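Asker: take a look and give me a structure for this.
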Amino acid sequence: MAKLYTENNFIENELEPKEETVKFLLDYSKALSVINSNKLKFEILQN
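Answerer: Purely as a prediction, here's the structure:
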């Protein structure tokens with residue numbers, strides 16, 4: 001029978017991201033711009 005992944009043992013193994021990782025992702029998302037033009041999609045990273 002298939003194992004249910006909502007059991008308690010799955011919740012106990014949660015991962016905690018490092019503060020550096022969270023900061024990197026937030027900074028990256030702030031610098032990213034997406035422009036849609038007709039059928040094209042431009043992703044611009046503003047440093």
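Asker: all contacts plus neighbour counts: C-alpha atoms, from now on.
Answerer: Noted.
Asker: pretty sure N47 sits against A31.
Answerer: Yes - with contacts counted by C-alpha atoms under 8 Å, N47 reaches A31, the gap being 6.5 Å.
Asker: who's more crowded, these two?
Answerer: A31 (12 against 8; other C-alpha atoms under 10 Å).
Asker: which residues does the spatially closest residue to that one that is not a sequence neighbour contact?
Answerer: Among residues not flanking A31 along the chain, Q46 sits closest, at 5.0 Å (C-alpha to C-alpha, 6 or more residues apart in numbering). Taking C-alpha atoms under 8 Å, 6 or more residues apart in numbering, we find Q46 in contact with A31, L32, S33.
Asker: what ranges do the helices span in the protein?
Answerer: Counting by DSSP state H, the chain has helices at residues 8-12, 19-31.
Asker: S37: which of those helices is closest?
Answerer: Of all those, helix 19-31 sits nearest to S37, with 19.5 Å by C-alpha to C-alpha.
Asker: tell me the mean pLDDT over that closest one?
Answerer: What helix 19-31 shows for mean pLDDT is 93.
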